[in-house]
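In: could you work out the structure for the sequence below:
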Amino acid sequence: MLVIVDRILIALLLLGACGHSLGSFKAYGDQPMTLLWSLCGSLYVVMLVALNILRSLRKNDRALSAIAGVGCLVWIVPSLVFGTLIGNPFDFRPMIFVLLCLGLALFNAKAFYFKSSS
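Out: A predicted model of the protein is given here:
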């Protein structure tokens, strides 16, 4: 059951990266410099997705779990800052990233501290 929840969180994070990219084009399409940096954020999230997929497949790789977990925790900071900058720290857009990354960080911590039997 937990494997399914883990994969759902990963899939939702990938959808979040796609939504971030589309929103970046919509908001910053006429500002190439800002669009570039915004799309870099989307690529960061895609890399987090890839790391979490690898972590879910390599259950005994503690280093990978640590890297993916720290990466998820790091993404929470710009998400919260974005919420503050738009004037609503509890806006859906940053909060979805915060919740998904917190959930995945817990799965990474579980994989780091407890060796899987499979």
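In: so what does the host helix or strand of Val81 touch, helix or strand wise?
Out: Taking DSSP states H and E as the criterion, Val81 maps to helix 62-85. Contact here means 3 or more Cβ pairs under 8 Å, 6 or more residues apart in numbering; DSSP states H and E; on that basis helix 62-85 packs against helix 32-57, helix 92-113. For every residue, glycine as well, the C-beta is placed using N, CA and C.
In: which among these is found nearest to Phe25?
Out: Nearest to Phe25 among the helices and strands packed on helix 62-85 is helix 32-57 (7.0 Å), distances taken as Cβ to Cβ.
In: in that closest one, what's buried?
Out: Across helix 32-57, burial judged by 16 or more other Cβ atoms under 10 Å covers 35, 38, 41-42, 44-46, 48-49, 51-53, 55-56.
In: redo the helices and strands packed on helix 62-85 as CSV? Include mean pLDDT and distance to Ile76.
Out: Output for the helices and strands packed on helix 62-85, formatted as CSV (pLDDT from 0 to 100; distance: least, Cβ to Cβ, whole Å):
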stretch, mean pLDDT, distance to Ile76
helix 32-57, 97, 11
helix 92-113, 95, 5
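In: how about CSV for the ones you listed, with distance to Val81 added?
Out: CSV is the format used below for the helices and strands packed on helix 62-85 (distance: least, Cβ to Cβ, whole Å):
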stretch, distance to Val81
helix 32-57, 11
helix 92-113, 8
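In: residues contacting the residue nearest to Ala27 when sequence neighbours are not counted?
Out: Using Cβ to Cβ, 6 or more residues apart in numbering and skipping the chain neighbours, the partner closest in space to Ala27 is Ser38 (7.6 Å). Ser38 is in contact with 20, 24, 27-28, counting by Cβ atoms under 8 Å, 6 or more residues apart in numbering.
In: in helices, which of the residues you listed appear?
Out: The helices, defined by DSSP state H, take in 20, 24, 27-28 from those.
In: most widely separated two among those?
Out: His20 and Tyr28 (11.4 Å).
In: sounds good, over and out.
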